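[1] please work out how this folds:
(one chain, ligands or ions: 1)
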Amino acid sequence: MALRVFIAVDIDDPMLVSRLERLIDSLRATGVPMKPVEPENLHITLRFIGEVPEGLVEEIKREVIGRLEFDPFDLELRGLGAFPGPYRPRVVWVGVSEGSEGLRRLHDLVEEGLRRLGVPPERGAKEYVPHLTLARIKGSRNLQALTKLILEHGDYLVGRMRVTSVRLKKSTLTRRGPIYETLAEARARG
Ligand code: 2AM
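    Below you'll find the model as predicted:
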């Protein structure tokens, strides 16, 4: 059987989650059709892996998550942004101002571990841009209001967090949205 998996840093701090929920509420208030990320699903992806056989998932647990060594570090979450850009938002996110080099280092360690297992780099993968997705845009009604909100919050401080764990997540796609489960966890030193 194949599982859909990815590696991420979860947002666990209830204070930060509620700030992100408030931000999601203001995105929703623009009236643009969107699918917000559920509060329990908020995370920063380090590497999307996709569908892989169960045997390989076991190897990823052991060889990538099991061997991941890192020191805890702080993140500052700041600024609304969008892919591919604020004038054509498809994915709306919060950026990482401080600590992005720590996330990039984790991304590189994970990539190296996956490469050792023979997992090819993501197809068409561009440079890793750390971000925390808040919502996926589903239509263009009221789009100007959303663009304005994004531009006005380009430097908005959302909060801070300490990265102490990296998780291998399983994603089950359902009609009501994805269900994420933790399959393995790497804890920071100390
Ligand atoms: P996103 O936040 O940029 O949308 C689980 O699907 C996570 O993996 C999401 O956070 C998503 O990132 C990320 N991801 C990266 N590439 C993906 C892809 N090709 N398909 C689905 N999710 C992907």
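[2] read off the pLDDT value for the spatially most central residue of the chain.
    Against the mean C-alpha coordinate of the chain, by CA atoms, centre = their mean, the closest residue is I44 at 2.5 Å. pLDDT for I44: 98.
[3] for it, give me its contacts.
    Contacts for I44 (CB atoms under 8 Å, 6 or more residues apart in numbering) come out as A8, V9, I11, L75, V96, L103, P130, H131, L132. Backbone N, C-alpha and C define where each C-beta goes, glycine included.
[4] who does it form a beta bridge with?
    Judged by DSSP bridges, the bridge partners of I44 are V9, L132.
[5] tell me the secondary structure at L151.
    helix (DSSP: H, G, I helix; E, B strand; the rest coil).
[6] thinking it is in contact with Y87, fair?
    No: if you go by CB atoms under 8 Å, L151 and Y87 don't touch, sitting 9.1 Å apart.
[7] if we can go back for a sec, which among the contacts of I44 gets closest to R162?
    Set against R162, the nearest of those by CB to CB is L75 (7.6 Å).
[8] how far away is the closest one from the ligand?
    Note on L75: its distance to the ligand, by CB to the nearest ligand atom, to the nearest Å, is 15 Å.
[9] which residues of the protein fall in strands?
    Along the chain, the stretches classed as strands by DSSP state E are 2-10, 34-36, 43-53, 73-83, 91-98, 131-137, 157-163, 165-174, 177-187.
[10] what lines up beside the last one in the sheet?
    Partners of strand 177-187 in the sheet, by DSSP bridges, are strand 165-174 (antiparallel).
[11] which residues touch the partner strand?
    Strand 165-174 is touched from outside by 3-10, 43, 46, 57, 60-61, 64-65, 68, 70, 106, 110, 178-188, with contacts defined as CB under 8 Å, 6+ apart.
[12] ok, 7 Å please
    Strand 165-174 has contacts (CB atoms under 7 Å, 6 or more residues apart in numbering) with 3-10, 46, 60-61, 65, 68, 106, 178-188.
[13] turn the strands of the chain into a markdown table, including distance to R115.
    A markdown table is the format used below for the strands of the chain (distance: least, CB to CB, whole Å):
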| stretch | distance to R115 |
| --- | --- |
| strand 2-10 | 14 |
| strand 34-36 | 33 |
| strand 43-53 | 11 |
| strand 73-83 | 24 |
| strand 91-98 | 24 |
| strand 131-137 | 23 |
| strand 157-163 | 23 |
| strand 165-174 | 16 |
| strand 177-187 | 17 |
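[14] among those strands, which is nearest L16?
    Closest approach to L16 among the strands of the chain (CB to CB): strand 157-163, 4.7 Å.
[15] go through that closest one and flag the buried ones.
    Using 16 or more other CB atoms under 10 Å as the test for burial, strand 157-163 gives V158, G159, M161, V163.
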